[in-house]
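In: Got a sequence here, can you model it:
(chains A, B, C and D)
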Protein chains: 2
Amino acid sequence: MKTINTETGKKHTPQACSQFVLPVRDTLDLLSGKWKLPILGALMFGKKRFKELERDIPRITPRMLSKELKELEDNQLVTRTVFDTKPVTVEYEMTTYGKSLEKVLTAMKDWGTQHRKRIMGKKKQA
Amino acid sequence: MKTINTETGKKHTPQACSQFVLPVRDTLDLLSGKWKLPILGALMFGKKRFKELERDIPRITPRMLSKELKELEDNQLVTRTVFDTKPVTVEYEMTTYGKSLEKVLTAMKDWGTQHRKRIMGKKKQA
DNA sequence: GTAACTACTATACAAATGTATACTGGTATA
DNA sequence: TATACCAGTATACATTTGTATAGTAGTTAC
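Out: Below you'll find the predicted structure:
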């Protein structure tokens, strides 16, 4: 069985492959769901209340906002703080950990920006 | 209407937000689908034929392999080359463009690896 | 002539994900 | 007493995504 590629010299084994696939999948899963990016995008500019997020993110329903915020909280990217005002206010804020993911997101943004140009450019020629 | 956050000083406008959300979504979409990562993972070690990929990726069906390879090809991350042998052989290979995405994937892998440790660590304490 | 190889495609179904719409409980204001 | 605010939840449905299983066409080996 061939396990060594002549070009890269790297071994292709189930082990080597899963050391790539599993952690990338973990990162990807944090961002999966239609509304994670808009929520993180909104929170990148500072903390926000539930209703503020609902207003800032067009077409999101409270069900989805609640659900995806909970997932972001579970993954420690966002904190939820309840204030005993009347009526109650709840603030959502990015954690420093969440900000560490921002660096990865910025790499994705930069690649995506030039990809968008590349695809648009091709369309012009077609 | 409040558009300036006192902490970051960055403006939060629909425009600023979509300049983040849209390109990140583009990058994310390229990787969406259960089998994209295993396929890219396999092709990172060199070119492969259809049947080789089918054998290397446990439990993938030919339908999904075909479908996801087509999407990777559409996005210019992978090339498909048909050889006039008998029976025909078809080779799939990462493009240099695909390799430029590898850098982003590596950032995701690194973040995901330490995230995995963090989550595992928390579980031990619970 | 029949079995096996390659690289797929077709059909039907199951599971996951997202949407629409309405509703809850507590407080304050008119 | 009626209405509005906040931060959600409940239920049913629609859409998207993935799976299971079988079949295609062309060639070669037995």
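
In: Ranking helices and strands of chain A by mean pLDDT, which lands last?
Out: The weakest-scoring helix or strand in chain A, judged by mean pLDDT, DSSP states H and E, is helix A:96-125 (a mean of 88).

In: What helices and strands are in contact with it?
Out: Applying 3 or more CB pairs under 8 Å, 6 or more residues apart in numbering or on different chains; DSSP states H and E, we find helix A:96-125 packed against helix A:14-31, helix A:36-43, helix B:14-31, helix B:96-125. Backbone N, C-alpha and C define where each C-beta goes, glycine included.

In: how about a cut-off of 7 Å?
Out: Counting contacts by 3 or more CB pairs under 7 Å, 6 or more residues apart in numbering or on different chains; DSSP states H and E, helix A:96-125 is packed against helix B:14-31, helix B:96-125.

In: gap between that helix and the chain center?
Out: Taking CA atoms, centre = their mean, to the nearest Å, one finds helix A:96-125 lying 12 Å from the centre of the chain it belongs to.

In: burial count for the closest residue to residue A:62 other than its chain neighbours?
Out: Excluding its sequence neighbours, the residue lying closest to residue A:62 (CB to CB, 6 or more residues apart in numbering or on different chains) is residue A:54, at 6.3 Å. Residue A:54 is flanked by 16 other residues according to other CB atoms under 10 Å in any protein chain shown.

In: Now do the stretch of helix or strand residue A:54 belongs to: everything it contacts.
Out: Residue A:54 belongs to helix A:50-56 when assigned by DSSP states H and E. With CB atoms under 7 Å, 6 or more residues apart in numbering or on different chains as the test, helix A:50-56 has contacts from A:39, A:42, A:48, A:60, A:62, A:65, A:90, A:92.

In: Could you check how far it is from the centre of its chain?
Out: 18 Å.

In: in that helix, what counts as buried?
Out: Applying a neighbour-count criterion of 16 or more other CB atoms under 10 Å in any protein chain shown, one finds A:50, A:53-54, A:56 buried in helix A:50-56.

In: Could you check the angle the following helix or strand past that helix makes with helix A:14-31?
Out: Heading C-terminal from helix A:50-56, the first helix or strand you meet, by DSSP H and E, is helix A:62-74. Counting by axes from the mean of the first three to the mean of the last three CA atoms, to 10 degrees, helix A:62-74 lies at 130 degrees to helix A:14-31.

In: So what angle separates the directions of helix A:62-74 and helix A:36-43?
Out: 80 degrees.

In: For helix A:62-74, which helices and strands make contact with it?
Out: Using 3+ CB pairs under 7 Å, 6+ apart, helix A:62-74 is in contact with helix A:36-43, helix A:50-56, strand A:78-83.

In: can you tell if it touches DNA strand C?
Out: Yes. Interface with DNA strand C: helix A:62-74 contributes A:62-64 (CB under 7 Å from any atom of the strand).

In: Among these, name the buried ones.
Out: residue A:64.

In: Specify which member of the residues of helix A:62-74 next to DNA strand C is nearest to residue B:109.
Out: For those, the residue nearest residue B:109 by CB to CB is residue A:64; the value is 28.9 Å.

In: Now do that closest one against residue B:17, distance only.
Out: Per CB to CB, to the nearest Å, residue A:64 is found 17 Å from residue B:17.

In: With residue A:109 instead?
Out: 12 Å.

In: near DNA strand D at all, stretch A:17-34?
Out: No. Stretch A:17-34 is not in contact with DNA strand D by CB under 7 Å from any atom of the strand; minimum separation 9.3 Å.

In: Now do that stretch: everything it contacts.
Out: Outside stretch A:17-34, the residues touching it (CB under 7 Å, 6+ apart) are A:37, A:68, A:71, A:75, A:77, A:104, B:28, B:31, B:37-38, B:41-42, B:105, B:108-109, B:111-113, B:115-116.
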